[in-house]
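> I'll drop the sequence and a predicted model, then ask my questions.
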Amino acid sequence: MSPSLLGFARAGALVLCLSLAPSLALAQAALINGLGGTADYGTACLGRNDDGHSTSIDLRPIFPSGIQFFDQTHTSMFVNTNGNVTFSAGLPTYTPNAFPVADRPMIAPFWADVDIRGTECREPDGGTGVTGACQNPASNGVWWHLDTVGRRVVVTWDRVGYYRCHVDRVMSFQLVLSPAPTSSCAAGGGGDFDVEFRFNRCEWNTGDASGGQNGLPRTAACTRPLPIFPATCPIGNLPCTGGSPGSCTGVAAQSGFDAGNTRDFVEIMGSRTPTIHTTLCTMSNVGEPGVWRFQIRRGAVICPDAGAECDTGMQGVCATGRTQCVGGGTECRPEVMSSPERCDALDNDCDGSVDEGDGLCGLGEVCDRGVCVGVCFEGGCAEGQTCASSGRCVDTGCESLSCPEGQRCVAGACVGACDGVRCPAGTDCRGGRCVDLCAGAVCDDCTVCQGGACIARCQFQPCPGGQSCLEDGRCVEASCASVTCPAGTVCRGGSCEDACAGATCPRGEACVMGECVYVPPMERDAGVPPPVDGGGPMPGEDAGITPSPDAGPLPFDGGFPRPPSSSPGCACELAPRASGAPWALGLGLLLALTVRRRRR
């Protein structure tokens, strides 16, 4: 994942940094030329028009069996003046609607109010619809070319202006469609194809009729002549929001893909915001400013490099994330989601404060630098603890030790939230939590998610010795290849074993059904019965842990390791995801386990 995309994934913060200076002229990716014609972008073009489109363009010279786009296969397309191509019919709509849009399968590098009539503001055919004949414009033209040698379709918007007949700012960009390589491991059929957006000049994003001024969106106060009349926007047919009569704001360009089924779409983050033009020209999802590449496999838009580490721009444990491709666009989502605050020297609720609030510790305890500590009893503490000047029992050596952010003092040394933790199979420790790093990750058909990253499938890269390749692309120990284990268990050495065997959960958690779950302080102090599935010991007397009556907090540092299983173990771990964590006899745990996966 390129650094530019990582910044793009934090678009909410990025837009504050992008310049909106009127003189800004962004030039980035070179456009593909050498295609013939006056402008070297081919010989087919739209006549001068506003909101027009081409006739139906046959794609079969490049895609003999058509292209599969979401749930439909198309053998023709329409090039629209307003920065997009559609497959069901031409599209005259000039103000971009938020995806998804009904009945309009669309690929849109830059859907906005393009106007190629020039300063004369005339069009030969007198209106929208199919445009007049190509007049070979030197600039401010829309071209397309079917390259049978290079096996690609190239559509070019060459230095196009914006409505109404403005050319003081221009946009230059291309859409390139090409068949998926037959040698590609991702080839799923004749309808698979690759998409490339190339942005060369990015100077505007909103036409006048879409609420723009000088090519950028503006805000205006709405008017209401009489109380009985609805509020109206003076800068276009735009909604009035924020009170009565409220205000309206111009709608900037949109970039992405729409299936036209009111459900499936992918939108580049920042679309319909004032800085989308600068985002498209200066950023990328492949490390080349102005270039955006996507794979369409079996109809779905594949997100490149999903699972790469990224900075979410959030605080606390939510700061570190993984890139994910979701229906609304490409996002950097936290590896660890916000949760109620705990006493662990971490900002669990991601609000910028650590260990704040009440109820973090058990009865008679307070949270001291990430550790729940109890009062000294007659000046004495349990073995390994010292009565500090505060009158609380702390680990010996921790009386005055100050640890770095995110660490706490244990036995006189600073330790991190994941130190000493061994998460159950399929999860990794991040921010003091055992999480599934592949939850929600979308890899292309050449790769499979492992440890949060997309790696080559075993069908295309041989497994190490002693391992077998599964249909889903993962390598597992050969003895586990044909074994199916029930929830809460994993395959080790060809046998299904308790997934919690050998697990050491983060402090304050216990392993249940193969997942580390939080145990509230009051329940730790009270003692709770073990889970009905025979899982690992829960903290408390029933689990065989008998705290000294004056010893202060229970020994959660390092977690609660499960007793070793009686079955022989090995490195292979293969398990289905547990759907829940039931407890016995009315145990009052509220498990907020949220695992989100994107529908492929």
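Sure thing, it's come through. Residues are numbered from 1 along each chain as shown.

> just give the number of residues close to the residue lying closest to Ala133 once chain neighbours are set aside.
Of all residues not flanking Ala133 in the chain, Gly47 sits nearest, at 5.5 Å (C-beta to C-beta, 6 or more residues apart in numbering). C-beta here means a position set from N, CA and C on the backbone, and glycine is covered the same way. Gly47: 21 surrounding residues under other C-beta atoms under 10 Å.

> and the gap between Gly47 and Asp115?
Distance of Gly47 to Asp115, given as C-beta to C-beta, to the nearest Å: 13 Å.

> re the thing from before, correct me if wrong: the residue nearest to Ala133 contacts Asn136.
No: counting by C-beta atoms under 8 Å, Gly47 sits too far from Asn136 to count as a contact (10.2 Å).

> got the contact list for Pro109?
By C-beta atoms under 8 Å, 6 or more residues apart in numbering, Pro109 lies in contact with 83-84, 157, 173-175, 197, 199, 255, 280.

> give me the subset of those residues lying in strands.
Taking DSSP state E as the definition of strands, the contacts of Pro109 contribute 84, 157, 173-175, 197, 199, 255.

> the helices in the stretch 151-300 of the chain, which residues?
276-282 (DSSP state H, counting those that start in this stretch).

> let me see the ranges of the strands in it.
152-162, 166-179, 193-202, 212-213, 216-217, 219-221, 247-249, 254-258, 265-267, 291-297, 300-302 (DSSP state E, counting those that start in this stretch).

> lowest-pLDDT helix or strand in this structure?
helix 11-14 (a mean of 28; mean pLDDT, DSSP states H and E).

> pLDDT weak spots in the stretch 201-350 of the chain?
Scanning the stretch 201-350 of the chain with the threshold set as pLDDT under 70 gives 303-308, 324-330.

> what does the chain give?
1-27, 124-128, 182-189, 303-308, 324-330, 440-442, 444-445, 522-600.

> let me know the outermost residue of it.
Glu378 (54.8 Å; C-alpha atoms, centre = their mean).

> ok, that one to Ile302 distance?
Counting by C-beta to C-beta, the gap from Glu378 to Ile302 is 67 Å.

> out of the contacts of Pro109, which is nearest to Gly212?
Ranked by distance to Gly212 (C-beta to C-beta), the contacts of Pro109 are led by Gly83 at 14.1 Å.

> what about that closest one, neighbour count?
25.

> what do you get for Thr241?
12.

> against Gly451, how distant is the spatially closest residue to Asp428 that is not a sequence neighbour?
Leaving aside its sequence neighbours, Asp428 sits nearest to Leu437 (C-beta to C-beta, 6+ apart; 5.5 Å). Computed with C-beta to C-beta, the distance linking Leu437 and Gly451 is 6 Å.

> okay, and the common contacts of the two?
With C-beta under 8 Å, 6+ apart as the test, Leu437 and Gly451 both reach Asp428.

> these two: who's more crowded?
Legend: neighbour count by other C-beta under 10 Å for Leu437 and Gly451, higher for Leu437 (19 against 10).

> sec struct for the more buried one, please.
coil (DSSP: H, G, I helix; E, B strand; the rest coil).

> if I read this right, it contacts Cys429, doesn't it?
No: counting by C-beta under 8 Å, Leu437 stays clear of Cys429, with 10.2 Å between them.

> now the strands of the stretch 151-300 of the chain in TSV, with distance to Phe229 and mean neighbour count?
Formatted as TSV, these follow (distance: least, C-beta to C-beta, whole Å; neighbours: other C-beta atoms under 10 Å):
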stretch	distance to Phe229	mean neighbour count
strand 152-162	31	25
strand 166-179	32	21
strand 193-202	39	22
strand 212-213	25	20
strand 216-217	25	22
strand 219-221	15	15
strand 247-249	15	20
strand 254-258	31	27
strand 265-267	35	21
strand 291-297	44	21
strand 300-302	43	22
